[in-house]
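[1] requesting a structural model of the entry that follows:
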Amino acid sequence: MCSTLLGFNQRLQPLMQLHFRGKIVYKGGIILTKAMVRIRMSLHDAHYGGNLVDGARVIQMFGDVATELLIRNDGDEGLFKAYDNIEFLAPVYAGDYIEATGEIVSNGNTSRKMIFQAFKVAQARPDISDSAAEILPEPVLVCKATGTCVVPKNRQRKSNG
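    Predicted coordinates:
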């Protein structure tokens, strides 16, 4: 099982040679592709009492990140085949800013193994006022996942390294 993005990056950081247009090249010719999206959760996203956001909304963000990763890597949106693991680690509420990141950790013939993380980077402060918010001193990991996407060979328009 792949480690989280943070642990993975910490281990490979000393090996980094080049970071260019979302691709990171490590010694040994391994090319990894990364992407990120940041979204404010709105009242429309709140699904449960207390303005709690459904975890599926975070998974939807991972799907958007995966699509960008495949476009960067293959020149095609590809298809999400399956999630191997999903862990919800902290609640997300309307007004929270969530940053979802993803990284391709393995390129197969048509498959792309990916790891994802979602962090709460800012939150609403309704206890202070209706419009109060704050940037968190440290991002809070709210969800992590691993999954596999596929891009059919005849749809791949870019070299994978």
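[2] now the element after the biggest helix by length in the chain, going C-ward?
    The single longest helix within the chain, with elements called by DSSP state H, is helix 55-74. Remark: after helix 55-74, the chain's next helix or strand is strand 79-88, criterion DSSP states H and E.
[3] which of the helices and strands in this protein ranks last by mean pLDDT?
    strand 16-20 (a mean of 40; mean pLDDT, DSSP states H and E).
[4] give me the buried positions along the top strand by length along the chain.
    Taking DSSP state E as the criterion, the chain has its longest strand at strand 133-150. Of the residues in strand 133-150, Pro139, Val140, Leu141, Val142, Cys143, Lys144, Ala145, Thr146, Gly147, Thr148, Cys149, Val150 count as buried by neighbour count, 16 or more other C-beta atoms under 10 Å. To be clear about C-beta, it is placed using only N, CA and C from the backbone, and glycine gets the same treatment.
[5] state the phi and psi torsions of Lys153.
    phi -50, psi -40 (degrees, to the nearest 10).
[6] assess the claim that it and Asn109 are in contact.
    Yes. Look at Lys153 against Asn109 with C-beta atoms under 8 Å: they come within range, at 7.0 Å.
[7] in the longest helix of the chain, what's buried?
    Under the neighbour-count criterion of 16+ other C-beta under 10 Å, helix 55-74 has 55, 57-59, 61-62, 65-74 buried.
[8] most centrally placed residue in the chain?
    Thr101 (2.7 Å; C-alpha atoms, centre = their mean).
[9] that residue touches Val58, doesn't it?
    No. Thr101 is beyond contact range of Val58, at 11.8 Å (criterion: C-beta under 8 Å).
[10] show me the shaky parts of the protein.
    Applying pLDDT under 70 to the chain flags residues 1-32, 159-161.
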